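A.B. asks: Here is my input; please provide its structure:
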Amino acid sequence: MERRSVGRLRLPVIAGGLLAANAVLAAALAAKALLPGPVAVVPSARGESALLPGAVPEAAAREFALRYVLHFDNYTPSTIEASNAVLRPMIAARAWAGASAALDRRTKVVLEGRMSSQLLPLSTRAEGLRVTVEALRRTFVADKLSREVRATYEVVLERQPATEPNPFALAVVSQEIREEAK
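C.D. replies: Here you go, the predicted structure:
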């Protein structure tokens, strides 16, 4: 009689054990799936070159520097504050003090002199983290064209952690502007 009751208990015990094992494995799989994992960027077969960890693609450096230069020299008295707000997160920490003071001085001059600037990019090229933007810059004072020059912007970048306002993970270390009269 005892043998028969053991046989009857064996099937429910095995089924219960299998259900418990499945529940534990499912929970472990769900936990692993919810953890943030590494992201692998695989260049396409038509890509220009291999993308190495930590490397900055020249296209990204060009795009970032072009956005920086466009925000830097496209402004009116009513948009200078907004332009500066976009520029500030793009500036590297080690260049922050000097750049912030320069932006504040420029804002004061723009507001007092009713200055506006328009920048028309002509070409952009990158060599690593050094980007050159050639552009036509027009300066207006009181809505009248005051000056038109061809300008070359040399922007030096560095890597930094990506943030919501600056997803490029780049920052401007320095910039140099050379002008030639048109």
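
A.B. asks: and the longest helix along the chain, what does it pack onto?
C.D. replies: Criterion DSSP state H: the longest helix present in the chain is helix 2-34. Helix 2-34 sits against no helix or strand, with contacts defined as 3 or more Cβ pairs under 8 Å, 6 or more residues apart in numbering; DSSP states H and E. C-betas here are computed from N, CA, C, even on glycine.

A.B. asks: what's in contact with whichever helix or strand comes after that helix?
C.D. replies: Per DSSP states H and E, the first helix or strand lying C-terminal to helix 2-34 is helix 58-73. The contact list for helix 58-73, computed with Cβ atoms under 8 Å, 6 or more residues apart in numbering, reads 83, 86-87, 90, 117, 119, 121, 124-129, 131, 133, 135, 137, 151, 153, 155, 157, 168, 170, 172, 175.

A.B. asks: at 7 Å what do you get?
C.D. replies: Contacting residues not belonging to helix 58-73 are listed as 83, 86-87, 90, 117, 119, 121, 124, 126, 129, 131, 133, 137, 153, 155, 157, 168, 170, 172 [Cβ atoms under 7 Å, 6 or more residues apart in numbering].

A.B. asks: helices or strands up against the helix or strand following it?
C.D. replies: Tracing the chain past helix 58-73, the next element assigned as helix or strand by DSSP H and E is helix 80-87. Helices and strands touching helix 80-87, by 3 or more Cβ pairs under 7 Å, 6 or more residues apart in numbering; DSSP states H and E, are helix 58-73, helix 96-113.

A.B. asks: Tell me which of the ones you listed is the most buried.
C.D. replies: When you average the neighbours per residue for each of the helices and strands packed on helix 80-87 (mean count of other Cβ atoms under 10 Å), helix 58-73 leads with a mean of 19.

A.B. asks: avg pLDDT for the longest helix of the chain?
C.D. replies: In this model, helix 2-34 has a mean pLDDT of 82.

A.B. asks: ok, and residue 126, which helix or strand is that part of?
C.D. replies: Using DSSP H and E, residue 126 sits in strand 115-127.

A.B. asks: how about that strand as CSV, C-alpha atoms only?
C.D. replies: C-alpha atoms of strand 115-127 as CSV (Å, rounded to 0.1, in the frame of the first residue of the first chain):
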residue,chain,number,x,y,z
MET,A,115,24.1,93.9,-34.3
SER,A,116,23.2,90.9,-36.3
SER,A,117,25.3,88.3,-38.0
GLN,A,118,24.6,85.8,-40.8
LEU,A,119,26.9,82.9,-41.6
LEU,A,120,26.7,81.0,-44.9
PRO,A,121,28.9,77.9,-44.8
LEU,A,122,30.8,77.2,-48.0
SER,A,123,32.8,74.1,-47.0
THR,A,124,33.7,71.9,-44.0
ARG,A,125,36.5,69.5,-43.6
ALA,A,126,37.8,67.5,-40.7
GLU,A,127,41.2,66.0,-39.8
